[in-house]
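Novice: just to be clear, the model below is a prediction. Sequence and coordinates:
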Amino acid sequence: VAGVVALVLLVLAVTAVLLFAPQVKRLGIELRLWSASYLVYLLLVFFPQSSIFRLLVPLSPLWGALALPPSRAWRIGVLVAALLGQWW
């Protein structure tokens, strides 16, 4: 039981740190509040046999934090990775 509690606390701590990262802060308060509230909702109603990938799809706007850095090469790399991901 202690291992499960430790894992849940670790996931919550990492999530909190990521939601307050500078790149995510630049996305705006609405997106951060939506993501945080959706994660709390998942925490409260999570059913272990359901599809985790399908449940995390509404958090996909957070991927915008990867596209925000000012480096043109980084943005092109993210675009290429997204296009390859859609093809895959």
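Specialist: Yep, it's here.

Novice: so where's the protein shaky on pLDDT?
Specialist: Applying pLDDT under 70 to the chain flags residues 48, 67-69.

Novice: tell me where it has helices.
Specialist: For the chain, the helices defined by DSSP state H cover 2-19, 22-25, 29-45, 52-56, 64-67, 72-87.

Novice: just name the most buried of those helices.
Specialist: helix 64-67 (a mean of 16; mean count of other CB atoms under 10 Å). To be clear about C-beta, it is placed using only N, CA and C from the backbone, and glycine gets the same treatment.

Novice: what packs against it?
Specialist: In this structure, helix 64-67 packs against helix 22-25, helix 72-87, with contacts taken as 3 or more CB pairs under 8 Å, 6 or more residues apart in numbering; DSSP states H and E.

Novice: pipe those helices into a markdown table and attach distance to residue 50 per row.
Specialist: A markdown table is the format used below for those (distance: least, CB to CB, whole Å):
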| stretch | distance to residue 50 |
| --- | --- |
| helix 22-25 | 26 |
| helix 72-87 | 23 |
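
Novice: so which of these gets nearest residue 66?
Specialist: Closest approach to residue 66 among the helices and strands packed on helix 64-67 is made by helix 72-87 (5.3 Å; CB to CB).

Novice: which strands or helices does the closest one pack on?
Specialist: helix 64-67.

Novice: quick one: the helix it packs on to chain centroid distance?
Specialist: When distances are taken as CA atoms, centre = their mean, to the nearest Å, helix 64-67 is centred 11 Å away from the chain's centroid.

Novice: and if you look at stretch 54-66?
Specialist: Centre-to-centre, stretch 54-66 and its host chain are 5 Å apart (CA atoms, centre = their mean).

Novice: same question, stretch 28-36
Specialist: Centre-to-centre, stretch 28-36 and its host chain are 11 Å apart (CA atoms, centre = their mean).

Novice: so what touches that stretch?
Specialist: Under the contact criterion CB atoms under 8 Å, 6 or more residues apart in numbering, stretch 28-36 has outside partners 19, 24-25, 59, 61-62, 64.

Novice: fine, thanks again, bye for now.
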